[in-house]
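Novice: only the shape, not the letters, is given here:
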């Protein structure tokens, strides 16, 4: 409603996934390019502190992601590109009822990241993730959830 005053509220967005990623190295060196296929199950959720027109919801289902990792500079820097697709087989009932949605939806997206071997066993990774989930509803209605994350990871690898 254009006549109402905008309000602010805290929003929480979560993403969890688990699975396996068998892969293939394109050389004998540990710094070879690699291609893997992640197959697992993913969950995304949105929650607000105050009541909104969109209820709290979760979307979940099987996910597949093709991951290409290309090392550069003798393995000190690597670039990762990973397109993905997800079949959403479960969503919050309140969301389905409110928007007149069916029981399934699809999501498509991907990740891109740069990993830098900083000093010795320390490494830093900057990752961008974007995925769009969409479900068609009744009477031409539709629901779309877009997730965008930028993460910075610092890791220590010991052998």
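Specialist: Received, thanks. What you are looking at is a predicted structure, and each value in this text was computed from that prediction instead of being measured.
Novice: how about the strands in this structure?
Specialist: For the chain, the strands defined by DSSP state E occupy 11-20, 23-25, 34-48, 57-72, 77-88, 90-91, 105-119, 122-136, 142-156.
Novice: what is the burial count for residue 115?
Specialist: 20 (other Cβ atoms under 10 Å). Quick note: C-beta positions are derived from backbone N, CA and C, even for glycine.
Novice: also residue 144?
Specialist: With other Cβ under 10 Å as criterion, residue 144 counts 10.
Novice: about what we covered before: got JSON lines for the strands of the chain, with distance to residue 97 and mean pLDDT too?
Specialist: Formatted as JSON lines, the strands of the chain follow (distance: least, Cβ to Cβ, whole Å; pLDDT from 0 to 100):
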{"stretch": "strand 11-20", "distance to residue 97": "21", "mean pLDDT": "90"}
{"stretch": "strand 23-25", "distance to residue 97": "42", "mean pLDDT": "93"}
{"stretch": "strand 34-48", "distance to residue 97": "16", "mean pLDDT": "93"}
{"stretch": "strand 57-72", "distance to residue 97": "11", "mean pLDDT": "95"}
{"stretch": "strand 77-88", "distance to residue 97": "16", "mean pLDDT": "97"}
{"stretch": "strand 90-91", "distance to residue 97": "11", "mean pLDDT": "91"}
{"stretch": "strand 105-119", "distance to residue 97": "15", "mean pLDDT": "95"}
{"stretch": "strand 122-136", "distance to residue 97": "13", "mean pLDDT": "94"}
{"stretch": "strand 142-156", "distance to residue 97": "12", "mean pLDDT": "92"}
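Novice: residue 5 is nearest to which of those strands?
Specialist: strand 34-48 (17.5 Å; Cβ to Cβ).
Novice: still on that earlier bit, and the strands of the chain as JSON lines, adding distance to residue 98?
Specialist: Below are the strands of the chain laid out as JSON lines (distance: least, Cβ to Cβ, whole Å):
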{"stretch": "strand 11-20", "distance to residue 98": "18"}
{"stretch": "strand 23-25", "distance to residue 98": "41"}
{"stretch": "strand 34-48", "distance to residue 98": "13"}
{"stretch": "strand 57-72", "distance to residue 98": "9"}
{"stretch": "strand 77-88", "distance to residue 98": "16"}
{"stretch": "strand 90-91", "distance to residue 98": "11"}
{"stretch": "strand 105-119", "distance to residue 98": "14"}
{"stretch": "strand 122-136", "distance to residue 98": "12"}
{"stretch": "strand 142-156", "distance to residue 98": "9"}
